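# Okay, structure incoming, though there's no sequence with it:
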Ligand SMILES: NC(=O)C1=CN([C@@H]2O[C@H](COP(=O)(O)OP(=O)(O)OC[C@H]3O[C@@H](n4cnc5c(N)ncnc54)[C@H](OP(=O)(O)O)[C@@H]3O)[C@@H](O)[C@H]2O)C=CC1
Ligand SMILES: N[C@@H](CCC(=O)N[C@@H](CSC=O)C(=O)NCC(=O)O)C(=O)O
Ligand SMILES: [Zn+2]
Ligand SMILES: [Zn+2]
């Protein structure tokens, strides 16, 4: 029996309040309105940012909420005026929309589309309402995607169709981590080829940066992580060296150590931890005159970065990236093809699997040094 135009009852992992575990609930998902798409989510990764918001560290966090932003699914129905995807398409929801019409999209300078960002940040659809509810109580959306629900509704500017040959249980990870890392290196740093780089934090994002740095023939790729289990992972993804800041001689700062072993510092560094002290170290490990440090990690509410301005006066550049500067509707289909042709890794990141009813185990596994990405099978 067709579900088109009807409310769908399904299961979702709901976070009722900051800091609480997600709870498996039977929820209602309303049909898509104009310029909206309802998606049957089959698989989703768990990104550290889901944990960040669940834990209460996100200043934009609103509750109750359905988290999740690294999903893959099939279009169940579309609202009036939707032309970019159709029923049956295999799709990836996009937390960075691409409307192609706003000032940001037209600028050619950024991927930060403004079309739905204001309501997205409030946990709502573009018309300021929610499609999710439980027993009449509205539940918030998250990052415009909410992939921890078996059915979700997204804005049409926030979804892209991909090749049906691609396994959704793998390419769902292009919804965030792998794409962000790929873009941070290849799109945002066009001159990085053959440089020396240091990557702080070897989770999926850091490993993605390491892997992409290898892809563009960087020379020294120094991985930095406090978790000793990450050494083997970093080397598997292409790191030439591994440094554990906790193993340095007493009083030696990681940035000073890196400057010493690289004849004055790195050409490029990346923070993939979200820790503001690490962000400072990453900047200060850059070479005087030209080193560029990119912040990818997301810091907790109230945290601020600092350094001596002299670090910037003397030519280091501090910058950041959201979703690697990638325009999802335009570029993700190409990344899917790259994956199918063996040009970029995805399978190697998938270390753990859970079902929706054990999703919290996936959150706990994230803290073990051996979980890079846990993929949730959303099917009953
Ligand atoms: N800007 C963007 O568009 C995006 C940003 N992000 C953000 O990127 C960051 C990384 O995400 P993800 O890879 O999923 O996270 P993970 O938690 O999987 O990886 C972070 C790694 O950093 C390590 N680490 C922690 N503290 C330090 C330290 N002081 N020095 C060196 N390493 C350290 C962690 O070790 P341990 O496990 O022992 O703590 C872990 O290995 C998060 O902040 C996430 O929110 C993610 C996607 C997109
Ligand atoms: N809500 C947080 C900021 C969170 C953040 O920076 N998110 C990244 C993506 S993280 C993905 O895993 C991002 O794309 N930022 C740009 C944006 O427009 O949100 C806060 O308020 O600090
Ligand atoms: Zn993410
Ligand atoms: Zn736009």
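Perfect, I can see it now. Owing to the predicted nature of the structure, the values given are computational and were not obtained by experimental measurement. Ligands and ions are numbered 1, 2, ... in the order given.
# Residue 163 is in contact with residue 336, correct?
Yes. The criterion here is CB atoms under 8 Å, and residue 336 meets it with residue 163 at 5.3 Å. From N, CA and C alone the C-beta is placed, and that goes for glycine too.
# Between those two, point out the one with more neighbours.
residue 336 (23 against 12; other CB atoms under 10 Å).
# Would the helix or strand the more buried one falls within count as contacting ligand 4?
Per DSSP states H and E: residue 336 is located in helix 328-340. No. Using CB under 5 Å from the ion, helix 328-340 never reaches ligand 4; the gap is at least 10.1 Å.
# for that helix, which positions count as buried?
328-329, 331-333, 335-336, 339-340 (16 or more other CB atoms under 10 Å).
# just stretch 249-263 next, same as before
By neighbour count on 16+ other CB under 10 Å, the buried set for stretch 249-263 is 254-255, 257-259, 262.
# Could you check stretch 2-15 and say which residues are buried?
Of the residues in stretch 2-15, those buried (16+ other CB under 10 Å) are 3, 8, 10-15.
# Do me a favour and average the pLDDT over it.
Per-residue pLDDT over stretch 2-15 has a mean of 98.
# and if you look at stretch 348-361?
Rounded mean pLDDT across stretch 348-361 is 98.
# just how off-centre is it within its chain?
16 Å (CA atoms, centre = their mean, to the nearest Å).
# Up against ligand 1, what does the chain have?
Within the chain, the positions lying close to ligand 1 (CB under 6 Å from any ligand atom) are 47-49, 52, 176-177, 180, 200-206, 224-227, 230, 245, 272-275, 278, 296-298, 321-323, 366-367.
# in the next helix or strand after the helix holding residue 336, what's buried?
Using DSSP H and E, the helix or strand that follows helix 328-340 in sequence is strand 350-355. Using 16+ other CB under 10 Å as the test for burial, strand 350-355 gives 350, 352, 354.
# Tell me how far the first one lies from residue 219.
Spatial separation of residue 350 from residue 219 under the definition CB to CB, to the nearest Å is 29 Å.
# Over to residue 238?
12 Å.
# Look at those two and report which has more neighbours.
Of the pair residue 238 and residue 219, residue 238 is the one with more neighbours under other CB under 10 Å, namely 19 against 12.
# That one against residue 220, yeah?
No. Between residue 238 and residue 220 there is no contact under CB under 8 Å: 11.2 Å.
# can you list residues touching both of those two?
The overlap between the contact sets of residue 238 and residue 220 (CB atoms under 8 Å, 6 or more residues apart in numbering) is empty.
# sec struct for the residue of the stretch 151-300 of the chain found nearest ligand 4, please.
Nearest residue of the stretch 151-300 of the chain to ligand 4 (CB to the ion) works out as residue 157 at 6.9 Å. With DSSP: H, G, I helix; E, B strand; the rest coil as the basis, residue 157 sits in helix.
# pLDDT score for it?
99.
# pretty sure it contacts residue 102?
No. Look at residue 157 against residue 102 with CB under 8 Å: they stay out of range, at 9.3 Å.
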